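Peer 1: This is a predicted model, with the sequence first.
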There are 2 protein chains.
Amino acid sequence: MNSDSSASAPSTSSAARRAEILATAAQVFADQGYNATTVRRIADAAGMLAGSLYYHFDSKESMLDEILSAFLDELWAGYDTVLAAGLGPRETIEALVTESFRQIDRHGPAVAIYQKESRHLSVQPRFGYLADSQARFENAWLRTLERGVTEKVFRGDLDVRLVYRFVRDTVWVAASWYRPDGTHSPEEIARQYLSMVLEGITPRT
Amino acid sequence: MNSDSSASAPSTSSAARRAEILATAAQVFADQGYNATTVRRIADAAGMLAGSLYYHFDSKESMLDEILSAFLDELWAGYDTVLAAGLGPRETIEALVTESFRQIDRHGPAVAIYQKESRHLSVQPRFGYLADSQARFENAWLRTLERGVTEKVFRGDLDVRLVYRFVRDTVWVAASWYRPDGTHSPEEIARQYLSMVLEGITPRT
DNA sequence: CTCCTTCCCTAACAAGTGTTTGGTAGATTA
DNA sequence: TAATCTACCAAACACTTGTTAGGGAAGGAG
C-alpha cells in the first residue's frame, strides 16, 4: 500500500527523487494551471522525458492527488491542534490564521493549486476529500465566529457567512502573491492581516 | 475595426446571437477554466456544432479576448468616473469597492476568468492589456491608500502594499462565490465588506 | 563474472484538441 | 422568379495530449 512499510525500503534517494519531481510538478501546476500543464513540461522541468515520469507515478492525476492530499494532511494536523487547544474565539481565529500563513509558506504551490482547481475537482469522486475538507473547514471557522459573536468579542451586526468568506478568502488568496523569500515572515504577515481584519484599516480612537 | 460602425449594421439579431454565444462561453470558461474548456463544449451549450462557432469568431482565444476586454472597458469606465470625482480617500475607496461589486454583479463570469487566467495570459502579447490594466489598478488604489494615511483617515502602522493586496483580494475573490440571484444586492455586500475592512470585525467601543 | 534491480530513454499509440473547407436550407433582396 | 446572403452542419485536417511497451546503461549482490 505505501512505499516505506516493508524491510527493503527503496533507499532514501528513491523517495527523495519522487518528492523532488512532485515539488517541481506542483510548481508548474501552480503557475500554469493543472489542465494547461503538459506532462512533457513537468518532465522537462524535472530533467527527464515524459514517459519516464510513469516510472514514479501512475498518472498526471496521481501527482495532483498526492500534492493536494499531502498538503491537506499537514494543514489539518495544524488546525486540529489549534482547535483542540480550547482557546477563546479570538485567540482561535488568530491561531488559525497564523497556521494558515505557515502552510502557505511551506506548501505555497499546493495552496495555489487548491484554490484554482478545487472547485471542478471536488465533484470528481477521486477528489471527494476536497469537498469533505472544505466542509470541515467551513464548520470550524463558522462555529468559532458564532461563538465570538455570542461572547461579544466579534461584532453581531454582520452576516456571519459573509465574515467567514471574507476572512477565509483574505487569508488564502495571499498564496497567489506570497513568495517565501520575501521581506515578511509568515508570522509577520499573519500579524498584520489579523490586525486589519480584527481592527480595521481606519484608526481607532 | 468595430462591428457597429458603418451604416449597414448586421441587424440586431446577429449581434445579439454573438453576444449570446459569448455569454455562454464566459459561463463555461468561468467554471471549467479556459484551458479545460473545449470548443465543442461551448458550441454544445450554445446549441450548435463546434465548427459553427468559427462563423462568429476567429478563434477560441478571440472569444476570451473579447470577454476580458469588454469587462475591463466597463470596469475602467466606472473607475475613471470615481477617480475623477475628487472625493476624499475614504470616500474614494468606498466608491471603488462598490463599483467593483457592481462589476462582479454584471460581469461575474468575466471576473472569475480574469482572476484565474490573468497571471499566465498577461505575459502573452495579445493580452498585454491585462498587465497594463493591473498596473493602473494598483496605482489608483495605492495612491488613494497613501493619501488616506497622510490625511490620517487610514492607519499608518500597516504596510500599505499589504493593505492594498488585502483590500483588492477581498473584493475580487467574492466573484468566486457571488451569485446574482442571491439574497444580498451588490450594494449591500459592498456595504458590509467596507464595514469589515474599514472598522474591523471586532466591536468598537 | 553474472544476475538483477533501478531509473531512465526511444518510439509509438489512441483519443482529443482547435480549426478549415465545402456544402446547404431558409430567409432576404432585386 | 432568380440571385444573394445568413447561419449553420458534416466531415475532415494537423497537431497535441496522456499513456504504454520494450529496451538498455549503471551499479550493487551473489
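Peer 2: Sure, I can see it.

Peer 1: Tell me which residue of chain A lies closest to DNA strand D.
Peer 2: Nearest residue of chain A to DNA strand D, counting by CB to the nearest atom of the strand: A:Gly51, 2.5 Å away. Heads up, the C-betas are built off the backbone N, CA and C, glycines and all.

Peer 1: residue contacts, that residue?
Peer 2: With contacts taken as CB atoms under 8 Å, 6 or more residues apart in numbering or on different chains, A:Gly51 has the following neighbours: A:Ala43.

Peer 1: In terms of helix, strand or coil, where does A:Phe71 fall?
Peer 2: helix (DSSP: H, G, I helix; E, B strand; the rest coil).

Peer 1: Could you give the number of residues near it?
Peer 2: Neighbourhood size, A:Phe71 [other CB atoms under 10 Å in any protein chain shown]: 21.

Peer 1: can you tell me which residues contact it?
Peer 2: A:103, A:107, A:110-111, A:114.

Peer 1: Contact distance from DNA strand D - what residues of chain A qualify?
Peer 2: Residues of chain A lying close to DNA strand D (CB under 7 Å from any atom of the strand) are A:37-40, A:50-51, A:53-54, A:58-61.

Peer 1: Tell me which of these fall in helices.
Peer 2: Assignment to helices by DSSP state H places the following of the residues of chain A next to DNA strand D there: A:39-40, A:53-54, A:60-61.

Peer 1: What subset of these is buried?
Peer 2: A:39, A:53, A:60 (16 or more other CB atoms under 10 Å in any protein chain shown).

Peer 1: can I get these in JSON lines with pLDDT?
Peer 2: JSON lines is the format used below for those (pLDDT from 0 to 100):
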{"residue": "A:Val39", "pLDDT": "97"}
{"residue": "A:Leu53", "pLDDT": "96"}
{"residue": "A:Lys60", "pLDDT": "97"}
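
Peer 1: Out of those, which comes closest to chain B?
Peer 2: A:Lys60 (13.1 Å; CB to the nearest CB).

Peer 1: if I read this right, the closest one contacts A:Asn35, doesn't it?
Peer 2: No - the criterion here is CB atoms under 8 Å, and A:Lys60 misses it with A:Asn35 at 9.9 Å.

Peer 1: nearest to A:Gly88, of the ones in helices among the residues of chain A next to DNA strand D?
Peer 2: A:Glu61 (42.1 Å; CB to CB).

Peer 1: now the closest residue to that closest one other than its chain neighbours: how far from B:Glu66?
Peer 2: Once flanking residues are discounted, A:Glu61 sits nearest to A:Arg126: 7.2 Å by CB to CB, 6 or more residues apart in numbering or on different chains. With distances taken as CB to CB, to the nearest Å, A:Arg126 is found 35 Å from B:Glu66.

Peer 1: number of nearby residues for A:Ala19?
Peer 2: A:Ala19 has 12 nearby residues by other CB under 10 Å.

Peer 1: Let me know the pLDDT of it.
Peer 2: Looking at A:Ala19, its pLDDT is 95.

Peer 1: just checking, what packs against the one helix or strand it maps to?
Peer 2: Using DSSP states H and E, A:Ala19 sits within helix A:11-32. Identification of packing neighbours for helix A:11-32 by 3 or more CB pairs under 8 Å, 6 or more residues apart in numbering or on different chains; DSSP states H and E yields helix A:39-45, helix A:53-56, helix A:60-83, helix A:108-121, helix B:108-121.

Peer 1: what do you get if the cut-off is 6 Å, keeping everything else the same?
Peer 2: On a contact count with 3 or more CB pairs under 6 Å, 6 or more residues apart in numbering or on different chains; DSSP states H and E, helix A:11-32 meets helix A:39-45, helix A:108-121.

Peer 1: so how far is stretch A:33-49 from its chain's centroid?
Peer 2: 22 Å (CA atoms, centre = their mean, to the nearest Å).

Peer 1: Show me what counts as buried in that stretch.
Peer 2: Quick answer for stretch A:33-49 (16+ other CB under 10 Å): A:33-37, A:39, A:41-43, A:46.

Peer 1: quick one: which of the residues you listed is nearest B:Leu158?
Peer 2: Closest to B:Leu158, out of all of the buried residues of stretch A:33-49 and judged by CB to CB, is A:Gly33, at 32.3 Å.

Peer 1: so how far is B:Gly108 from the closest one?
Peer 2: 20 Å.

Peer 1: got the CA positions of stretch A:17-28 in CSV?
Peer 2: Extracted C-alpha coordinates of stretch A:17-28, given in CSV (Å, rounded to 0.1, in the frame of the first residue of the first chain):
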residue,chain,number,x,y,z
ARG,A,17,13.7,11.9,-6.2
ARG,A,18,10.0,11.3,-6.1
ALA,A,19,9.5,14.2,-3.8
GLU,A,20,11.7,16.3,-6.0
ILE,A,21,9.6,15.6,-9.1
LEU,A,22,6.4,16.2,-7.1
ALA,A,23,7.7,19.6,-6.0
THR,A,24,8.6,20.7,-9.5
ALA,A,25,5.2,19.4,-10.7
ALA,A,26,3.5,21.4,-8.0
GLN,A,27,5.4,24.5,-9.1
VAL,A,28,4.4,24.1,-12.7
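
Peer 1: Where does pLDDT dip in chain A?
Peer 2: A:1-13 (pLDDT under 70).

Peer 1: Skipping its backbone neighbours, what lies nearest the spatially most central residue of chain A in space?
Peer 2: Nearest to the mean C-alpha position of chain A, counting by CA atoms, centre = their mean, stands A:Val111 at 3.9 Å. Excluding its sequence neighbours, the residue lying closest to A:Val111 (CB to CB, 6+ apart) is A:Ala175, at 3.9 Å.
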